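Asks: Quick one, what's the 3D model for this:
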Amino acid sequence: MTGRGVGVTDAIAGSVPDPLVGAVVVLTTLGSGYVVAGAPPVAAVLGARAGVLGRRDGARLLAMVGVGLAAIVLLKGMFAAPRPPASVAHVTAHGTGFPSGHAIGSAVLYGGLAALLDVGGRRQRYAAGAAMVVVVSATRLALGVHYLVDVVAGAGVGVAVVGGVLAVTRRRVGYGFGLAVILAAGAVAVAGPTTDAVAALGGAAGGLVGWRIVAARGAVGRAVRPVAGVGAVVAAGGVAAASVGVGAGAIPVFGAHAAAGAVFVGLPAAQNFSR
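Replies: Here you go, the predicted model:
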């Protein structure tokens with residue numbers, strides 16, 4: 001066992017009874033790419049409707065997630081570190097191990113929600129967000145698919161993404177989407193035109209285009225009908241996910257994710273969903 005585990009992966013993964021593995025798998029999905037990418041656009045639509053997430057802050061959250069997903073692909077491509085051996089893993093995991101994508105994604109999603117939601121107290125929000133990151137990170141160790149260093153580093157990267165995007169988008173939200181495009185392009189350069197890298201670049205580019213349209217039309221604060229808006233998000237996200245699931249080529253994956261990113265961010269400018 002490599003030093004990245006410092007003995008923790010062996011101890012935790014080995015202590016999980018087989019009947020509990022299913023429950024751990026369910027918990028670990030809270031930091032999966034599908035949840036990290038899919039929850040923010042839904043939160044942006046419904047949060048604005050409920051008055052707990054301003055439309056501008058909803059866009060900042062989407063930019064934050066775009067940066068986080070691009071950072072995952074870029075860093076994994078840079079380090080290309082192996083996962084723990086199959087002998088300690090309870091499930092099959094693909095890709096490289098360092099840093100943990102689930103830890104980065106959960107820190108970005110739940111940290112971003114804690115920072116931007118207008119509900120409860122700030123301490124309570126950050127405590128809840130930190131708890132979610134700890135839970136997701138612990139599941140990666142319990143399933144034996146990551147070392148301790150992987151999840152600690154991943155959580156640190158996620159926190160840095162949240163802080164960095166909050167800073168650069170304080171005055172101009174477009175800077176966040178621009179940063180996502182730059183990191184995603186770097187991921188393609190480092191990892192090659194892999195599905196994950198191309199998807200990250202497509203989503204970031206689409207988000208940037210969507211934001212430019214919204215800003216140009218002065219539609220940042222325009223209301224979005226929740227049912228139609230969530231339906232559009234689910235449809236666009238479903239097509240993007242399907243393009244990956246069926247193993248479509250780089251161009252279809254890029255196009256599907258670019259369209260999804262544009263829909264996620266550009267909903268306030270779409271007359272058929274907004275007024």
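Asks: which helices and strands does whichever strand or helix holds Val233 pack with?
Replies: Assigned by DSSP states H and E, Val233 belongs to helix 226-245. Under the contact criterion of 3 or more CB pairs under 8 Å, 6 or more residues apart in numbering; DSSP states H and E, helix 226-245 touches helix 33-50, helix 195-216, helix 250-266. No exception for glycine: its C-beta is placed from N, CA and C like everyone else's.
Asks: what's the closest of the ones you listed to Ala70?
Replies: helix 195-216 (4.6 Å; CB to CB).
Asks: If I take that closest one and helix 226-245, what angle do their directions form?
Replies: Relative orientation of helix 195-216 and helix 226-245, computed by axes from the mean of the first three to the mean of the last three CA atoms, to 10 degrees: 150 degrees.
Asks: How about helix 195-216, which residues are buried there?
Replies: 195-214 (16 or more other CB atoms under 10 Å).
Asks: Could you do stretch 245-265 as well?
Replies: For stretch 245-265, using 16+ other CB under 10 Å, the buried residues are 248, 250, 252-265.
Asks: Report the mean per-residue pLDDT for it.
Replies: Averaged over stretch 245-265, pLDDT sits at 95.
Asks: which SS state does Arg83 fall under?
Replies: Three-state assignment for Arg83 (DSSP: H, G, I helix; E, B strand; the rest coil): coil.
Asks: That should have said Val145, apologies.
Replies: Assignment for Val145 (three-state DSSP): coil.
Asks: buried stuff in the host helix or strand of Val149?
Replies: Assigning secondary structure by DSSP H and E places Val149 in helix 148-168. Buried positions in helix 148-168, judged by neighbour count with 16+ other CB under 10 Å: 148-155, 157-162, 165-166, 168.
Asks: ok, Ala256 touching Ala248?
Replies: Yes - using CB atoms under 8 Å, Ala256 makes contact with Ala248 at a distance of 7.5 Å.
Asks: ok, and what's touching stretch 140-157?
Replies: Contacting residues not belonging to stretch 140-157 are listed as 2, 4-6, 8-9, 12-13, 16, 21, 24-25, 28, 31, 71, 75, 81, 83-84, 88-91, 93, 97-104, 106-107, 133, 137 [CB atoms under 8 Å, 6 or more residues apart in numbering].
Asks: 7 Å - rerun?
Replies: 2, 4-6, 8-9, 12-13, 16, 24, 28, 71, 75, 83-84, 88-91, 93, 97-104, 107, 133, 137 (CB atoms under 7 Å, 6 or more residues apart in numbering).
Asks: Return it as PDB; C-alpha atoms alone will do.
Replies: Extracted C-alpha coordinates of stretch 140-157, given in PDB (Å, rounded to 0.1, in the frame of the first residue of the first chain):
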ATOM      1  CA  ARG A 140     -14.300   7.100  -0.900                       C
ATOM      2  CA  LEU A 141     -12.000   5.700   1.700                       C
ATOM      3  CA  ALA A 142     -14.600   3.200   2.900                       C
ATOM      4  CA  LEU A 143     -15.100   1.900  -0.600                       C
ATOM      5  CA  GLY A 144     -11.300   1.600  -1.000                       C
ATOM      6  CA  VAL A 145     -11.100   3.600  -4.200                       C
ATOM      7  CA  HIS A 146      -9.000   6.500  -2.800                       C
ATOM      8  CA  TYR A 147      -6.200   7.100  -0.400                       C
ATOM      9  CA  LEU A 148      -6.400   9.600   2.500                       C
ATOM     10  CA  VAL A 149      -4.100  12.000   0.800                       C
ATOM     11  CA  ASP A 150      -6.300  12.000  -2.300                       C
ATOM     12  CA  VAL A 151      -9.400  13.100  -0.500                       C
ATOM     13  CA  VAL A 152      -7.700  15.700   1.700                       C
ATOM     14  CA  ALA A 153      -6.000  17.200  -1.300                       C
ATOM     15  CA  GLY A 154      -9.300  17.100  -3.200                       C
ATOM     16  CA  ALA A 155     -11.200  18.900  -0.500                       C
ATOM     17  CA  GLY A 156      -8.400  21.500  -0.300                       C
ATOM     18  CA  VAL A 157      -8.600  22.100  -4.100                       C
END
